[in-house]
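**Student:** Could you work out the structure for the sequence below:
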Amino acid sequence: MLADVTSLISTILWPAVVLVALVLFRRPISKLLGSDNVTVKGPGGFELSASSREQAATALTKASEKPTATTLGRAEALSQVDVAARTMQEIGQRARALWVDDQPANNVYEAEALEAVGIDVELSTSTADALARVQRNPPYDVIISDMVRADDEQAGYDLLDALRSAGDLTPVVIYAGSRSAEHFNEAVRRGAEGSTNQPQELVGLVLRAVRRRRDAAANNRS
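**Tutor:** Below is the predicted model of the structure:
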């Protein structure tokens, strides 16, 4: 009888012990994802495979080859992806991003990197279309916008102003041709997360926005 009770307790406690160990002594994602057969799962069902990690790093490296970007080495790209993967694992679910740019082909690799680490990207090519999508398909965790569209040299700010005027607080990241302190500060002053023209900084701003959005939603539910 005692052996049966001991076995039952072990069966119940062992998963809890494993979970605590993973939380307290989490190994780097790069080690967890040592082969294509390994999949990291977050508490909300989010999964990231080793192949997705490699895909994200490759896409981020290619995105950094733009003339305006600082080229990333393979090791640095993998490190960036590991940080992103760890953040998404902690959030536990895939996120949704709306990317507004009238030339989406310019951002193929950046979007691929975001998709690979758990952020689904929906494309829009105009301010009007983006606003309609926000009303029709809420909620997005983050909105990424370029600055210049067609004849509007401040389309990114116009979109941001329209969202805030409508009471929409979805985080906005400006991904444009400049990363100057002046433009970053102006974007923040207007209510954006910031602005950049660097792919790795874009990923960081998007992750911060997603985390803040999910934390706010959790606080509202509690």
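
**Student:** Where do the helices of the chain begin and end?
**Tutor:** 2-24, 29-32, 50-63, 74-91, 108-117, 127-136, 155-165, 181-189, 199-221 (DSSP state H).

**Student:** tell me what the fourth one is packed against?
**Tutor:** Going back to what we said before, that points to helix 74-91. Judged by 3 or more Cβ pairs under 8 Å, 6 or more residues apart in numbering; DSSP states H and E, helix 74-91 is in contact with helix 29-32, strand 39-41, strand 47-49, helix 50-63, helix 108-117, helix 199-221. Where you see a C-beta, it was placed from the backbone N, CA and C, and this is true even at glycine.

**Student:** Any chance of TSV for those, columns mean neighbour count, mean pLDDT and distance to residue 154?
**Tutor:** Listed next are the helices and strands packed on helix 74-91 as TSV, based on neighbours: other Cβ atoms under 10 Å; pLDDT from 0 to 100; distance: least, Cβ to Cβ, whole Å:
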stretch	mean neighbour count	mean pLDDT	distance to residue 154
helix 29-32	16	41	39
strand 39-41	15	59	41
strand 47-49	18	78	37
helix 50-63	21	95	25
helix 108-117	22	96	22
helix 199-221	18	90	19
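
**Student:** closest to residue 156 out of the ones you listed?
**Tutor:** For these, distance to residue 156 was read as Cβ to Cβ. The smallest value, 13.3 Å, belongs to helix 199-221.

**Student:** Could you export the helices and strands packed on helix 74-91 as JSON lines, including distance to residue 149?
**Tutor:** Formatted as JSON lines, the helices and strands packed on helix 74-91 follow (distance: least, Cβ to Cβ, whole Å):
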{"stretch": "helix 29-32", "distance to residue 149": "36"}
{"stretch": "strand 39-41", "distance to residue 149": "38"}
{"stretch": "strand 47-49", "distance to residue 149": "33"}
{"stretch": "helix 50-63", "distance to residue 149": "20"}
{"stretch": "helix 108-117", "distance to residue 149": "17"}
{"stretch": "helix 199-221", "distance to residue 149": "18"}
